[in-house]
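K.L.:
Please find the sequence and the predicted model below.
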Amino acid sequence: MVHSDRYPRFLVCVAFLVTFLGVRGVTHAVRRRQSFLARALHRGGGIQIGSVHVHHLVGGIVLLLLTGYLSTTVERPRSRDRLALLYGIGAALTLDEFALWLRLKDVYWARQGRASVDAGVAAGAAFVLAGLGRPFLQALLRDVRRPLAR
């Protein structure tokens, strides 16, 4: 495998996009009870600790805290790649419920829940651009400036 400094950013991007789309798909399936897994999850009401419903953003925050701390201690590329994957997953889980932490109210299925989708799209776009790297962004900027210079 060829390893470059951009590879961890690519892994963050892939992990974020797959997780964000996957979580959105599962939550929609749960809401519509479209699959065996969805019916089982809906019957159980998701993750419950006592009477408290634990949203998936909690797992995302834990992953972000853990990967942030561990990233200060690792130097091996393989470990850095694993942390990049976990970071992307944590970011997706957290931003999928952006509207919840913005409003401190569960609005996932309400109109205000759209803020979570918007945050996910914005973060996904940023991760894609970061994953493409500096050479791509420099070429894009050069191509945009060219017609303006005439």
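P.N.:
Here it is on my side, so go on.

K.L.:
C-alpha only now, for contacts and for neighbours.
P.N.:
Noted.

K.L.:
how much space between Gly131 and Leu137?
P.N.:
In this view, Gly131 and Leu137 are 10 Å apart by CA to CA, to the nearest Å.

K.L.:
Looking at those two, which has the bigger crowd around it?
P.N.:
Shown here are Gly131 and Leu137; by other CA atoms under 10 Å, Gly131 has more neighbours (19 against 13).

K.L.:
Could you find the closest non-adjacent residue to that one?
P.N.:
Phe10 (4.5 Å; CA to CA, 6 or more residues apart in numbering).

K.L.:
my guess is the one you found meets Gly124, correct?
P.N.:
No - judged on CA atoms under 8 Å, Phe10 makes no contact with Gly124 at a distance of 11.4 Å.

K.L.:
where does the residue nearest to Gly131 land in three-state SS?
P.N.:
Assigned by DSSP: H, G, I helix; E, B strand; the rest coil, the conformation of Phe10 is helix.

K.L.:
wait, what's in contact with it?
P.N.:
127-128, 130-132 (CA atoms under 8 Å, 6 or more residues apart in numbering).

K.L.:
Rank those residues by pLDDT and give me only the lowest.
P.N.:
Minimum pLDDT for these is recorded at Leu132 (76).

K.L.:
show me the contacts for it.
P.N.:
Going by CA under 8 Å, 6+ apart, Leu132 touches 6, 10.
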